[in-house]
Every structure is written in structure tokens, then in C-alpha cells.
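[1] test case, fold it:
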Amino acid sequence: MGNKKVLVLCTGNSCRSQMAEGYLRYFAGEKAEVYSAGIETHGVNSKAIEIMKEDGIDISHHTSNNIDEYLDIDFDFVITVCDHAKENCPYFPTKATKIHQNFPDPSKEEGTEEELKEQFRQARNLIKSFCEKFVKENL
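    Numbering: from 1, shown residues only. Predicted structure coming up:
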């Protein structure tokens, strides 16, 4: 049995899915290959990079990928991290186990630099604990 393949999906693949990819890689280590993608590619959000760095994880080398690039990969898990009600969460045709976990989108918030950072931190911490639990339970 080889490594599990995990895909994290979001609308723009710039923020939440990137943070989730970073933490899943960190917690899963050699046990999984982790990818993230969106239906649009917005580039990796600079605040997401900064907030992850605070926690010792470097996602600055991540790329923002379109879901179409991964259609031929046989994933074991597909995790959606956007709010079905408010966003256009991508559909991915797959036999993989699907998990939906909505996280607030910190890039949509408004406020001072410090308030925005706090929004990113909160999202990061939610994503971190979800990823840790996911790895323990599934990988």
C-alpha cells in the first residue's frame, strides 16, 4: 500500500487550502502526498505565508493550482475547506472519501493590519487542529 493522496480544494487556492496543505504535509510527513487546488488560481496569499511562518511552516514555495491539473490523480481523500453556502465550492469527480470542513475566509475580512493578522491566525489555528486530527484518524 503506497502513500495516501490528499487533495484540499477551495475556490481560489490562495489562503485556506494553502494553509491546510502546509499543515497536512507537516503532520502527515511521509504518509501522504498532499495537493491543493481551486477553480480559480489567485496566487498564494502573502498574509497566509506570513502567518504560517509564525508557526514555523514555510508555504512560500507553494503554487496556486487549478483543479483541472489533478483530474488524472487517484486521490484517497478530497477535503473542501470553503463555505458551501457562500462560495462556489469546486466539485471533483472522484471515488475518494470526501470531507467538508468549512473555515472562515480571512482574506475576505476588513480591518486594521493587526485585526487582519488576527483573522488569519484564527483561521490558521482552526485549520491546524483539523489537519492534525485528520492525519491521526485517517493516515
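[2] do I have it right that residue 65 meets residue 35?
    Yes: contact criterion Cβ atoms under 8 Å: residue 65 and residue 35 qualify, at 7.1 Å. The way it works is simple: take the backbone N, C-alpha and C, and place the C-beta from them, glycine included.
[3] ok, the two, which is more surrounded?
    The neighbour count for residue 65 versus residue 35, taken as other Cβ atoms under 10 Å, is higher for residue 35 (22 against 17).
[4] the more buried one pairs with what?
    Per DSSP bridges, the residues bridged to residue 35 are residue 7.
[5] which ones are touching it?
    By Cβ atoms under 8 Å, 6 or more residues apart in numbering, the contact list for residue 35 reads 5-8, 21, 65, 70, 73, 75.
[6] so what does the one helix or strand residue 131 maps to touch, helix or strand wise?
    Assigning secondary structure by DSSP states H and E places residue 131 in helix 113-138. Helix 113-138 sits against helix 16-28, helix 46-54, strand 77-80, with contacts defined as 3 or more Cβ pairs under 8 Å, 6 or more residues apart in numbering; DSSP states H and E.
[7] need these in JSON lines with distance to residue 88, can you?
    JSON lines is the format used below for these (distance: least, Cβ to Cβ, whole Å):
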{"stretch": "helix 16-28", "distance to residue 88": "14"}
{"stretch": "helix 46-54", "distance to residue 88": "20"}
{"stretch": "strand 77-80", "distance to residue 88": "11"}
